[in-house]
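Colleague: Could you look at this predicted model? Sequence included:
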Amino acid sequence: MLTEEQKQLVKDTVPVLKESGVALTDYFYKRMLRNNPHLKEVFNMGHQRSGAQAKALAGAVLAYAENIDDPGVLAPVIELIVHKHVSLNIKAPDYNIVGENLLHSISEVLSVPMEDPLIGAWEAAYQDLAGIFIAAEKKLYDEHQSTPGSWLGWRAFTVSRKMKESEEITSFYLKPEDGQALPDYKPGQYVTLRVFVPELNLKQPRQYSLSSQPGADYLRISVKREDPRAEGQDPGYVSSTLHNAVSEGDTVELSAPAGNFFLLNPNVDNVLISAGVGLTPMMSMTHHLLAETADPNSRLAQGAGTPAPDKKQIFFLHAARSSDVHALRQELSTLADQNNNLQIFIAYEQVKENEVHGKDYHLHGRLDLNAVPAEYLPADADYYLCGPVPFMHEQYRALLERGIAKERIHSEAFGTGGVGV
Ligand SMILES: Cc1cc2nc3c(=O)[nH]c(=O)nc-3n(C[C@H](O)[C@H](O)[C@H](O)COP(=O)(O)OP(=O)(O)OC[C@H]3O[C@@H](n4cnc5c(N)ncnc54)[C@H](O)[C@@H]3O)c2cc1C
Ligand code: HEM
């Protein structure tokens, strides 16, 4: 427990540390990775290039310290971080490593010796925060241990099928090498995949949402190839390894499905709004919802395309630059043809001459909710958003303007630090 005096010491120094920004995080990561090189296989070395992860971890510690009188400030993001940590197999002893390096970095940036009471105050603050995470993560590890088919640590999977879904996205069907059962994950959840990246001579972990239907004897992920964003930059390490160097029959490692973005209620209308590769969790949700509501007789009787009055509806709204980069397009339209409770609405920024409005796409341009039929956006539905952060912000605002309650809007960001909209 921190004394009042310690709390004050911590609060007084937050502004200086925040101002040092990159200095603190840079020093911290460099020191930690130099002294604990095994962590290079835990942290995202791509984020080390871009600085994204550095800001996230140290930023969260600073946000906590700044609000030390009201530790609830981190509550909304704790669940997200905890799921990610568990998915990366982060354990209690790792917190000592982070803590020690963070304290040395604070001492360095503030130019105070490690023996100073200020560092003692920061140590107490960090221990409190670490304690919250360690306890919450233990609960999740225990859950995995008691869930049939689930596992702890890394499990070897064979790539049983590799399938190109668009110019940029390829699916990987993954089967456990031990031949044992898989857990009944929640549609929308992700796995962390770990693979050896030759350029780094290291294994690297990344999260991928499952695009498959829970209950299948495989897990499917659909991965976008991350090309260099600027001249002279490298492509994404893991996505390009998966696209270029991993073939059918090869082995990758996965941690158990995790994540707090998942379908909450199949008994209400569900509106799934995605852009680009953000459709992966939506595909899993759609498969799951359709399996839940499958009723072949009524489907045959009513024909596709006519909403069945007795069924809860799924509205799948998707934005893509063009059909060339629209993954899983055929799979989705087949599902819509076969199920009258699935309505799709596709927005392409560019359309081709032979593409038919109302069939191949529904809007030429960016996804604008004002152009979507009003019945696709029911007031009492649950809403799920996944795509680039600016896209999600835009859709979130548009939904609020339409009077959708914010408690019914759920979102997933595919990067670090995007802790909800
Ligand atoms: C919950 C969750 C679910 C996800 N689900 C999916 C999914 O279903 N499908 C999917 O494809 N992805 C998904 N992702 C994203 C995925 O985890 C990876 O982030 C993505 O594949 C990129 O990883 P990478 O190793 O290829 O790129 P990284 O090596 O991590 O690089 C990231 C980006 O930085 C760029 N870069 C290269 N050099 C530099 C430099 N010097 N400075 C700045 N930038 C540079 C790279 O080109 C790349 O675009 C998900 C992420 C999360 C958190
Ligand atoms: C109190 C201590 C910690 C805090 C406050 C913290 C905070 C965070 C935050 C905010 C994120 C980003 C979540 C997101 O936006 O997706 C994150 C991710 C992550 N954390 Fe922690 N963390 C702590 C401890 C640790 C420890 C002990 C480790 C392991 C040594 C660790 C490893 C990671 C990794 C690997 C990621 C994924 C991000 C990436 O790969 O770039 N964290 N953490």
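Modeller: Structure received. This structure is a prediction, so every number in the text was calculated from the model and none was measured. Ligands and ions are numbered 1, 2, ... in the order given.
Colleague: a helix runs through Ile346, doesn't it?
Modeller: No. Looking at Ile346 with DSSP: H, G, I helix; E, B strand; the rest coil, it is strand, so not inside a helix.
Colleague: what's the next secondary structure element after the strand or helix carrying Glu79?
Modeller: Per DSSP states H and E, Glu79 falls inside helix 75-87. Next along the chain after helix 75-87, taking DSSP H and E as the criterion, comes helix 92-110.
Colleague: how far does whatever helix or strand comes next after that next one sit from the chain's center?
Modeller: Proceeding N to C from helix 92-110, the next assigned helix or strand is helix 117-146, under DSSP H and E. Remark: helix 117-146 is offset 22 Å from the chain centroid, using C-alpha atoms, centre = their mean, to the nearest Å.
Colleague: Then stretch 211-221?
Modeller: Distance of stretch 211-221 from its chain centroid, counting by C-alpha atoms, centre = their mean, is 17 Å.
Colleague: and what of stretch 383-400?
Modeller: On the basis of C-alpha atoms, centre = their mean, stretch 383-400 sits 15 Å off its chain's mean C-alpha point.
Colleague: who's in contact with it?
Modeller: Applying C-beta atoms under 8 Å, 6 or more residues apart in numbering, the contact partners of stretch 383-400 are 188, 209, 261, 263, 270-276, 278-282, 285, 319, 367-370, 377, 404, 406, 408-415, 418, 421. For glycine as for every other residue, the C-beta is placed from the backbone atoms N, C-alpha and C.
Colleague: repeat that for 7 Å
Modeller: Contact with stretch 383-400 is made by 270-276, 278, 281-282, 285, 319, 369, 404, 406, 408-413, 418, 421, as judged by C-beta atoms under 7 Å, 6 or more residues apart in numbering.
Colleague: still on that earlier bit, now check the helix holding Glu79, is it near ligand 2?
Modeller: Yes. Shown here: helix 75-87 in contact with ligand 2 (C-beta under 6 Å from any ligand atom) through 81, 84-85.
Colleague: what residues does the stretch 301-421 of the chain put near ligand 1?
Modeller: Checking the stretch 301-421 of the chain against ligand 1 by C-beta under 6 Å from any ligand atom, the hits are 412, 414.
Colleague: Any regions of the stretch 301-421 of the chain where pLDDT drops low?
Modeller: 301-310, 416-421 (pLDDT under 70).
Colleague: Please apply the same query to the chain.
Modeller: Low-confidence segments of the chain (pLDDT under 70): 47-48, 50-55, 295-310, 416-421.
Colleague: now the helices: where do they sit in it?
Modeller: Secondary structure of the chain, counting by DSSP state H: helices at 4-20, 22-35, 45-50, 52-66, 75-87, 92-110, 117-146, 237-245, 280-293, 296-302, 329-338, 389-401.
Colleague: ranges for the strands of the stretch 301-421 of the chain?
Modeller: In the stretch 301-421 of the chain, strands defined by DSSP state E, counting those that start in this stretch lie at 314-320, 342-348, 363-364, 382-386, 409-412, listed in chain order.
Colleague: okay if I get those strands as TSV plus distance to ligand 2 and mean neighbour count?
Modeller: Shown next, in TSV, are the strands of the stretch 301-421 of the chain (distance: least, C-beta to the nearest ligand atom, whole Å; neighbours: other C-beta atoms under 10 Å):
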stretch	distance to ligand 2	mean neighbour count
strand 314-320	23	25
strand 342-348	27	21
strand 363-364	31	16
strand 382-386	14	24
strand 409-412	10	22
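Colleague: Could you name the stretch from those that's closest to Ser107?
Modeller: Between Ser107 and the strands of the stretch 301-421 of the chain, the tightest spacing by C-beta to C-beta is seen for strand 409-412, at 37.1 Å.
Colleague: That closest one pairs with which strands, and in what direction?
Modeller: Here strand 409-412 is paired, per DSSP bridges, with strand 382-386 (parallel).
Colleague: Nearest to ligand 1 within the stretch 101-250 of the chain, name that residue for me.
Modeller: Residue nearest to ligand 1 within the stretch 101-250 of the chain: Gly236 (2.1 Å; C-beta to the nearest ligand atom).
Colleague: Quick one, which of the contacts of stretch 383-400 are buried?
Modeller: Among the contacts of stretch 383-400, those scoring as buried are 270-276, 278, 281-282, 285, 319, 369, 404, 408-413, 418, 421 (criterion: 16 or more other C-beta atoms under 10 Å).
Colleague: these two touch, right, Glu292 and Asn265?
Modeller: No. Applying C-beta atoms under 7 Å as the test, Glu292 and Asn265 come out as separate, 10.7 Å apart.
Colleague: returning to what we had before: please name the spatially closest residue to the residue of the stretch 101-250 of the chain closest to ligand 1 (chain neighbours excluded).
Modeller: Sequence neighbours aside, Glu226 is the residue nearest to Gly236 in space, at 2.9 Å (criterion: C-beta to C-beta, 6 or more residues apart in numbering).
Colleague: Would you check how far apart the one you found and Tyr208 are?
Modeller: From Glu226 across to Tyr208, the span is 12 Å (C-beta to C-beta, to the nearest Å).
Colleague: And for Ser111?
Modeller: For Ser111, the distance to Tyr208 (C-beta to C-beta) stands at 43 Å.
Colleague: ok, those two, which is more surrounded?
Modeller: Ranked by neighbour count (other C-beta atoms under 10 Å), Ser111 and Tyr208 place Tyr208 first, with 24 against 7.
Colleague: these two touch, right, that one and Lys224?
Modeller: No. Counting by C-beta under 7 Å, Tyr208 stays clear of Lys224, with 9.8 Å between them.
Colleague: which residues touch the residue of the stretch 201-350 of the chain at minimum distance from ligand 2?
Modeller: In the stretch 201-350 of the chain, the residue that lies nearest ligand 2 is Pro205 (6.8 Å; C-beta to the nearest ligand atom). Applying C-beta under 7 Å, 6+ apart, one finds that Pro205 lies in contact with 42, 88, 192-194.
Colleague: Also Ile68?
Modeller: With C-beta under 7 Å, 6+ apart, Ile68 has these contacts: 7, 10-11, 125.
Colleague: that older thread, could I get the strands of the stretch 301-421 of the chain in a markdown table, plus columns for distance to Leu24?
Modeller: Shown next, in a markdown table, are the strands of the stretch 301-421 of the chain (distance: least, C-beta to C-beta, whole Å):
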| stretch | distance to Leu24 |
| --- | --- |
| strand 314-320 | 38 |
| strand 342-348 | 42 |
| strand 363-364 | 45 |
| strand 382-386 | 32 |
| strand 409-412 | 29 |
